[in-house]
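J.: my questions concern the predicted model and sequence given below.
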Amino acid sequence: MTHMKTPRVNYAHLNATVNPKHVDSLLRFFEQGSKPVRQDGFGVEIEHLPVRNGTDLAVNYYEPNGIETLLNRLRPFYDAEKEHWEDGHLVGLERDGIIISLEPGGQVECSIGVLHHAEDLTASYAKFRGEMDPVLDELGFRLVNYGYQPRSGYADIPVNPKLRYAAMDDYLGRVGRFGPCMMRCSASTQVSIDYGDEHDAIAKLRVGTAIGPILAWLFRNTPYFEGGDNPYLLLRQEMWDHIDPQRTGIIPGLYDERFGWRDYAVDVLSTPMMFADLTHTPEAQRDGERPLEFAAFRENAGEIYPDRALNDYEIAHVLSTHFNDVRLKNFIELRHWDSLPIALAERLTQTVGSLFYDDAQFERLTSFLDGVSEEDVAAMKQDLQSRGADSTPFGRPWDFWRDFLGLHGLQRRAAPGDPHHPDVFQH
């Protein structure tokens, strides 16, 4: 198969828009994430949609017997020293190996890791649910795994008390499409993986960006949208591609042969920020007053943060305001997939492990994708979004991809009245 080569792009002109000390801060951060001695770790995040028993309407943070009550009831199972509070509200729990956090619409996220065997995911998750489910039964609601709320629309759900989300809501409500929908009603499964060095990280970013949408189709799990049937073949992709193109989609220049960590750092730092978290920026203190926490700036990081090396909190915030299909932190975060039931989440994690940690399989993938350009990946995504099962990603039929990705056992069967229901998978 012949692919177009990405044109050579000169990024040097962008350097004038960023602070070199900030660039160096990100480069050190990426370097610190390198694992030259192979560990092959996984971090898995599963977001859950809370719905009331009997009605399937969304449960929000503030209502009686809602998400705030749930978190408070779970506190005895988690470390008191690691609780997360904002403005007097409990918004997260943590203990070794697991973090419970909230997405903007009260979606309950369970982050598990670091795992070294994908098969360990189910056992770790079972402990989480063993503590969670009796409390949910008492409160009269449950957590479901879909890509979007089954009965409620975005206008029905208030944003939870995390200051970050109030700022995001203000910004994303003004740009693009789907911002409020994504924030309040969507849920995902994300898998994070290790990298050995810069070369390995860039290779994995490229492969993950190209393969992720194909896996998203095979593991799709969004039957509903805004209280009705979902009209989009890949709703999660449709939403993220149109929320704010300057910080979503394919990383600009990723398939340029010269692309490296510095290019990624420059892109992130030169993008106007949605908002600035200054809670850990000492210079924001004003005569003992509360620090300016989330300022709705539109400048880039160099115009907001001081002329010095960024601290780890500031770095994490800057990186977290970019939402590319595959995101580089001090690990690689693959972000393509709908929320999945645990058996499918484990199958997905196993597939990710076989593709990225099996040297022979990863070599097959990189060889097949050699010469693929950013334009090729964008065209593939559009083909998937418009033709679904009739699409031919990178010119190949679906039987090829199921075989190539080791997913021939993942077939979908018809279910009366609900062809996209999660139970339509067979293993």
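T.: Here it is on my side, so go on.
J.: quick one: the helices in the stretch 201-350 of the chain?
T.: Ranges of helices within the stretch 201-350 of the chain are 235-241, 261-270, 301-304, 312-320, 342-356, based on DSSP state H, counting those that start in this stretch.
J.: output the last one as PDB, nothing but the C-alphas.
T.: C-alpha atoms of helix 342-356 as PDB (Å, rounded to 0.1, in the frame of the first residue of the first chain):
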ATOM      1  CA  ILE A 342     -15.300  -4.700  32.700                       C
ATOM      2  CA  ALA A 343     -14.900  -7.800  30.600                       C
ATOM      3  CA  LEU A 344     -14.600  -5.700  27.400                       C
ATOM      4  CA  ALA A 345     -12.300  -3.200  29.200                       C
ATOM      5  CA  GLU A 346     -10.000  -6.100  30.000                       C
ATOM      6  CA  ARG A 347     -10.200  -7.400  26.500                       C
ATOM      7  CA  LEU A 348      -9.300  -3.900  25.200                       C
ATOM      8  CA  THR A 349      -6.400  -3.700  27.700                       C
ATOM      9  CA  GLN A 350      -5.100  -7.100  26.500                       C
ATOM     10  CA  THR A 351      -5.300  -5.900  22.900                       C
ATOM     11  CA  VAL A 352      -3.400  -2.700  23.700                       C
ATOM     12  CA  GLY A 353      -0.700  -4.900  25.500                       C
ATOM     13  CA  SER A 354      -0.400  -7.200  22.500                       C
ATOM     14  CA  LEU A 355       0.000  -4.300  20.100                       C
ATOM     15  CA  PHE A 356       2.400  -2.100  22.000                       C
END
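J.: and the strand ranked longest in the chain, how far out from the chain middle?
T.: Once the chain is assigned using DSSP state E, the strand that runs over the most residues is strand 42-52. For strand 42-52, the distance from its own C-alpha centre to the chain's C-alpha centre is 11 Å (CA atoms, centre = their mean, to the nearest Å).
J.: what's the average pLDDT for it?
T.: Strand 42-52 comes out with an average pLDDT of 98.
J.: what does stretch 318-326 give?
T.: Rounded to a whole number, the mean pLDDT of stretch 318-326 is 95.
J.: ok, stretch 112-130 next?
T.: Model confidence over stretch 112-130 averages 95 on the pLDDT scale.
J.: CA atoms of that stretch as PDB?
T.: Provided in PDB are the C-alpha atoms of stretch 112-130 (Å, rounded to 0.1, in the frame of the first residue of the first chain):
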ATOM      1  CA  ILE A 112      -6.700   1.500  38.300                       C
ATOM      2  CA  GLY A 113      -2.900   0.900  38.100                       C
ATOM      3  CA  VAL A 114      -0.200   0.400  37.700                       C
ATOM      4  CA  LEU A 115      -1.000  -3.100  36.400                       C
ATOM      5  CA  HIS A 116       1.700  -5.300  34.800                       C
ATOM      6  CA  HIS A 117      -0.800  -7.900  33.500                       C
ATOM      7  CA  ALA A 118      -4.000  -6.900  31.700                       C
ATOM      8  CA  GLU A 119      -5.600  -9.900  33.200                       C
ATOM      9  CA  ASP A 120      -5.300  -8.300  36.700                       C
ATOM     10  CA  LEU A 121      -7.800  -5.600  35.800                       C
ATOM     11  CA  THR A 122     -10.900  -7.600  36.600                       C
ATOM     12  CA  ALA A 123      -9.800  -8.600  40.100                       C
ATOM     13  CA  SER A 124      -8.900  -5.000  41.000                       C
ATOM     14  CA  TYR A 125     -12.100  -3.700  39.600                       C
ATOM     15  CA  ALA A 126     -14.100  -6.300  41.400                       C
ATOM     16  CA  LYS A 127     -12.900  -5.000  44.700                       C
ATOM     17  CA  PHE A 128     -13.900  -1.500  43.700                       C
ATOM     18  CA  ARG A 129     -17.400  -2.700  42.800                       C
ATOM     19  CA  GLY A 130     -17.700  -4.900  45.900                       C
END
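J.: return the set of buried residues in it.
T.: Buried residues in stretch 112-130, counted by 16 or more other CB atoms under 10 Å: 112-113, 115, 118, 120-121, 124-125, 128. Any C-beta I mention is one placed from the backbone N, CA and C, and that applies to glycine too.
J.: take those residues and keep only those in helices.
T.: Of the positions in the buried residues of stretch 112-130, 121, 124-125, 128 sit in helices, assigned by DSSP state H.
J.: once you drop chain neighbours, what's closest to P245?
T.: Beyond its immediate neighbours in the sequence, the residue positioned closest to P245 (CB to CB, 6 or more residues apart in numbering) is G176, lying 7.1 Å away.
J.: if anything else comes up later, I'll come back, but that's it for now.
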